[in-house]
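Trainee: Predicted model and sequence follow; I will ask about them next.
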Amino acid sequence: IKVLEKFEEDYDILKLTIQAQGPFSGYDLQSKLNQAGVYVELADPCNILFVLPILKQGQYYPYNEIIRAIEKIVFQLNQQTRARETLSITKMDNDKELTELALSFNEMKNKKTCFISIEDAENKIAAETITPYPPGIPCILNGERLNKKKILYIQDLVKLGTKFHGGANLTSNNQIRIYI
């Protein structure tokens, strides 16, 4: 793991980001820490975020116990034999991947929808907004035509255990709602 460096002029001293490096994700690390009674604010495919408490001078907080728990869990995660060789996520170049809606909002109101396998969704029009959390920024918009890169990105996030707002059947059945 790696503690991300902060620059004095633009950081919150009560937040600590740890980057997962190796054959495990930030979600894996978060899950194991939760099992050990150590709770993080949030996780993404590569990081976990701690929000540290405000303490009065001399007030006790179990920092050393938490550090030992993190070290033990990281050691265990590194020792596990995993089918996943290395973590890889399809990169989305947001400034180059801008898309327009394929349907107007009025057209969407009158269209029927159905669920299909995400693998079969290329060039179909999404009938739901899908937002991975964190960061909470939509990656697929209702009415957007789906391209291969976005489908691969969503599949990578599903494999890593990302939580989503929208995408009701995405994680349970690997399906996405589309317009027909």
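Mentor: Looks like it arrived, so ask away.

Trainee: Distance-wise, check Asn174 relative to Lys2.
Mentor: From Asn174 over to Lys2 the distance is 32 Å, taken as Cβ to Cβ, to the nearest Å. C-beta: built from backbone N, CA, C; applies to glycine.

Trainee: between the two, which one's more packed in?
Mentor: A count of neighbours by other Cβ atoms under 10 Å puts Asn174 above the other of Asn174 and Lys2, at 15 against 10.

Trainee: Contacts only, for that one.
Mentor: Neighbouring residues of Asn174 by Cβ atoms under 8 Å, 6 or more residues apart in numbering: 117-119, 158.

Trainee: Any chance of these in TSV with secondary structure and pLDDT as columns?
Mentor: Output for the contacts of Asn174, formatted as TSV (DSSP: H, G, I helix; E, B strand; the rest coil; pLDDT from 0 to 100):
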residue	secondary structure	pLDDT
Ser117	strand	96
Ile118	helix	96
Glu119	helix	95
Val158	helix	90
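
Trainee: which one of those has the most neighbours?
Mentor: In terms of neighbours by other Cβ under 10 Å, those top out with Ile118 at 24 neighbours.

Trainee: What distance do you get for that one to Ser172?
Mentor: Taken as Cβ to Cβ, the span from Ile118 to Ser172 is 12 Å.

Trainee: same question, Glu71
Mentor: Using Cβ to Cβ, one gets 35 Å for the distance from Glu71 to Ser172.

Trainee: So the two - more neighbours on which side?
Mentor: Using other Cβ under 10 Å, the more surrounded residue of Glu71 and Ser172 is Glu71, with 11 against 8.

Trainee: which residue sits closest to Lys112 in space, ignoring its chain neighbours?
Mentor: Take Lys112 and drop its neighbours on the chain: the residue closest to it by Cβ to Cβ, 6 or more residues apart in numbering is Ile180, 5.2 Å away.

Trainee: tally of neighbours for that neighbour?
Mentor: 10.

Trainee: before we move on, what about Val38?
Mentor: By the criterion of other Cβ under 10 Å, Val38 has 19 neighbours.

Trainee: what mean pLDDT would you report for the longest helix seen in the chain?
Mentor: The single longest helix within the chain, with elements called by DSSP state H, is helix 63-79. The average pLDDT within helix 63-79 is 88.

Trainee: Thanks again, I'm all set now.
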